[in-house]
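> sequence isn't available, so here's the structure alone:
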């Protein structure tokens, strides 16, 4: 590996960790309805677990309501069961054509719990990025030992990797702050 390859690989892996953290945060419930809350729910559709967004049209007609309209009406009951099993804590209302999920307002205690979960997920993302930095620095040190990198290049690569880490951690903090604000707003 070369100087540039190590740096590019570290950046790429950190961006993937950032994307994963964003995805995890998207699944945390807020006071507002969001289709991303139900996107990852798997429905037993003819024996295979299928993502809900592939079986139904998901819409948000009101700020606190999600409407799920299946493409195949026979899947309505299975979708209802999958929503009940999910960790959303919302009872689906099935009217025979669509399923409505009315989002109850979050209590103060729930808000704190979800905000703490957002912080936890963000910290997991930061830890993953720091591990990526550690791995990249190890690769850099190994190249230096093999005399494929000079000491100065090794030091500057470590500095550049640190800069990438700072940039990514800043993005995680911004995303966490935005999500926490959404969770805590009444």
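Everything's here; your move. Bear in mind the structure is a predicted one, so any value in this text is a computation, not a measurement.
> element containing the most centrally placed residue in the chain, please.
Against the mean C-alpha coordinate of the chain, by CA atoms, centre = their mean, the closest residue is residue 23 at 1.7 Å. Secondary-structure assignment from DSSP states H and E places residue 23 in helix 3-26.
> for the spatially closest residue to residue 102 that is not a sequence neighbour, list each beta-bridge partner.
Excluding the flanking residues, the one nearest residue 102 by CB to CB, 6 or more residues apart in numbering is residue 65, at 5.4 Å. For every residue, glycine as well, the C-beta is placed using N, CA and C. The bridge-partner assignment for residue 65, based on DSSP bridges, gives residue 62, residue 102.
> against residue 93, how distant is residue 65?
According to CB to CB, to the nearest Å, residue 65 stands 10 Å off from residue 93.
> next one: residue 173
Relative to residue 93, and taking CB to CB, residue 173 is found at 38 Å.
> please apply the same query to residue 62.
Counting by CB to CB - residue 62 and residue 93 are separated by 13 Å.
> same check on residue 71?
Separation of residue 71 from residue 93 (CB to CB): 19 Å.
> neighbour count for those two, which is higher?
residue 93 (13 against 9; other CB atoms under 10 Å).
> quick one: contacts for the more buried one?
The neighbourhood of residue 93, defined by CB atoms under 8 Å, 6 or more residues apart in numbering, consists of 99-102.
> domain parsing of this structure, as residue ranges.
3-27+107-184, 36-102 (automatic domain parsing).
> ok, back up a step: shared neighbours, residue 65 and residue 93?
Common neighbours of residue 65 and residue 93 (CB under 8 Å, 6+ apart) are 100-102.
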